[in-house]
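1. below: sequence and its predicted model.
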Protein chains: 2
Amino acid sequence: MLLFNKNGVEKVTTRDIARQAGISQGNLHYHYANKELLIETLFEKFLRKADELSSFTTDKPFGKEDVLKSMRENYRLMHRFRFLFVESGAVWRSAPTVRKGTEELLERKRKDFLTLIGFYQKQGMLREDLSSNQLESLSNQFVFTICSWLTAKDFLQQPIDYFIQFTFRLWIPYLQFDEMKAWEQVLEQVPSQT
Amino acid sequence: MLLFNKNGVEKVTTRDIARQAGISQGNLHYHYANKELLIETLFEKFLRKADELSSFTTDKPFGKEDVLKSMRENYRLMHRFRFLFVESGAVWRSAPTVRKGTEELLERKRKDFLTLIGFYQKQGMLREDLSSNQLESLSNQFVFTICSWLTAKDFLQQPIDYFIQFTFRLWIPYLQFDEMKAWEQVLEQVPSQT
DNA sequence: GTCTATACAGCGATAGAC
DNA sequence: GTCTATCGCTGTATAGAC
């Protein structure tokens, strides 16, 4: 049903969806009264899957490998539902409630990152000449990247792993010198695949 | 004519455009045979204006204030034509040639940034413990940000100046300690305005 | 529940008068 | 060049048989 991704939310018709699902158009309207409901259902499915993924704060020892793993899981999921981010305007036009849901999700992510940054700071992994302003803007960088990398993907035509690496690299200038090397090495493990 | 921004490329009809322009729908089709041509014309207008803006490489002494000024000009312009970036999918669907044009523009920007980074490096303004890998990924960060900040704007609901500052801040972790302070101060001058 | 058939609205594009 | 009128198509949504 995710030909929303391929053809665009506003271009995909209920006829298309019904054909793809192997049922009649009338039958589709029986299950989902309209397109809005259909999109909302897909969004809730996305949210449920996102919650299932490992979060930063729950299980404690969160090393750089875990950060990378979590990032990979989340980015794969987002990519499956990429129309929610790439065509957010069209989505919100059809299903206005999705907007608030997405904003809440991002706010949760922002707080997760702030927590994680604070954790690493206590561990002494971060540089010490950074203002708290700088640290906050790092978490803003993460949130910025999360909500817009799929758009950038369309422009730059790079595979998913490019953006996983890209996001992971945001940490590096904030790390102590010896940590930098270690984090860069973790990146070598990322497999190449679209 | 830029109600593309407000209502979405695929939602805006030729009737809407004609009404907005104060002419009849038939007349509009006389001037622009179809929607594709109309979008292409708008895109070329955008390109022309983008070229008029001050570029990094042309006039030599390019200080931090100039970087900020150039950024502000470019971002204001992009914001006026934001549908080109926020609804890139819909735009490319209607007017496929626009895609290549945008990619070329971004590639030019990437090279501009690489040149500028190299310039600052020679000036000794950048930290010295940075690999060339790191410097290249800084220019990638700029390109990433340029092509996706308008999408992020929809999610985060921040004013333009937030993103100007955000982009400018990308430099900071790469600067020498004493330069950092100077660059941060330049940011104070940014007026607040949506 | 699932189907076919159809109503109804809105779109892009064209024709033809002025 | 600019208008009005209209065609042909495609979209959503509903009605009604099975």
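-> Now that the structure is in, tell me what you want to look at.
2. what ranges does chain A have for its helices?
-> Using DSSP state H, the helices of chain A run over residues A:4-7, A:14-21, A:25-31, A:35-52, A:64-80, A:83-86, A:88-94, A:97-122, A:132-156, A:160-169, A:177-187.
3. close to DNA strand C, is the third one?
-> Translated: helix A:25-31. Yes. Taking C-beta under 7 Å from any atom of the strand as the criterion, helix A:25-31 and DNA strand C are in contact, through A:Gln25, A:Gly26, A:Asn27, A:Tyr30, A:His31. Heads up, the C-betas are built off the backbone N, CA and C, glycines and all.
4. got the contact list for A:Glu87?
-> With contacts defined as C-beta atoms under 8 Å, 6 or more residues apart in numbering or on different chains, the neighbours of A:Glu87 are A:Phe4, A:Gly8, A:Val9, A:Glu10, B:Glu87, B:Gly89, B:Ala90.
5. and the residue of chain A found nearest DNA strand C, how close does it get to DNA strand D?
-> When you check chain A against DNA strand C by C-beta to the nearest atom of the strand, the closest residue turns out to be A:Gly26, at 2.3 Å. Shown here: A:Gly26 relative to DNA strand D, a distance of 4 Å by C-beta to the nearest atom of the strand, to the nearest Å.
6. could the helices of chain A be laid out in TSV, adding mean neighbour count and mean pLDDT?
-> Written out in TSV, the entries for the helices of chain A read as follows (neighbours: other C-beta atoms under 10 Å in any protein chain shown; pLDDT from 0 to 100):
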stretch	mean neighbour count	mean pLDDT
helix A:4-7	16	96
helix A:14-21	14	96
helix A:25-31	13	97
helix A:35-52	16	96
helix A:64-80	16	95
helix A:83-86	23	98
helix A:88-94	21	98
helix A:97-122	16	95
helix A:132-156	20	95
helix A:160-169	19	96
helix A:177-187	14	90
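7. can you tell me how far A:Met180 is from DNA strand D?
-> Using C-beta to the nearest atom of the strand, one obtains 51 Å as the distance from A:Met180 to DNA strand D.
8. name the nearest residue to that residue, ignoring sequence neighbours.
-> Nearest residue to A:Met180, sequence neighbours excluded (C-beta to C-beta, 6 or more residues apart in numbering or on different chains): A:Ile172, at 5.6 Å.
9. in contact with that neighbour, which residues?
-> Applying C-beta under 8 Å, 6+ apart, we find A:Ile172 in contact with A:Met180, A:Trp183, A:Glu184, B:Gln134.
10. tell me which residues touch the third one, please.
-> Residues touching A:Glu184, when contacts are defined by C-beta under 8 Å, 6+ apart, comprise A:Ile172, B:Asn133.
11. please redo it, this time with the cut-off set to 10 Å
-> With contact taken as C-beta atoms under 10 Å, 6 or more residues apart in numbering or on different chains, A:Glu184 is in contact with A:Phe168, A:Arg169, A:Trp171, A:Ile172, A:Leu175, B:Ser131, B:Asn133, B:Gln134.
12. now the residues you listed as a markdown table including distance to DNA strand C?
-> Supplementary listing: those in a markdown table, determined by distance: C-beta to the nearest atom of the strand, whole Å:
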| residue | distance to DNA strand C |
| --- | --- |
| A:Phe168 | 43 |
| A:Arg169 | 43 |
| A:Trp171 | 46 |
| A:Ile172 | 47 |
| A:Leu175 | 52 |
| B:Ser131 | 51 |
| B:Asn133 | 47 |
| B:Gln134 | 47 |
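13. now flag whichever of the residues you listed is closest to DNA strand D.
-> Compare each of the contacts of A:Glu184 with DNA strand D using C-beta to the nearest atom of the strand and the shortest gap goes to A:Phe168, at 39.3 Å.
14. how close does the residue nearest to the closest one when sequence neighbours are not counted get to chain B?
-> With C-beta to C-beta, 6+ apart as the measure, A:Leu68 is the residue that lies nearest to A:Phe168, at 5.8 Å, once sequence neighbours are left out. When distance is defined by C-beta to the nearest C-beta, to the nearest Å, A:Leu68 is 16 Å away from chain B.
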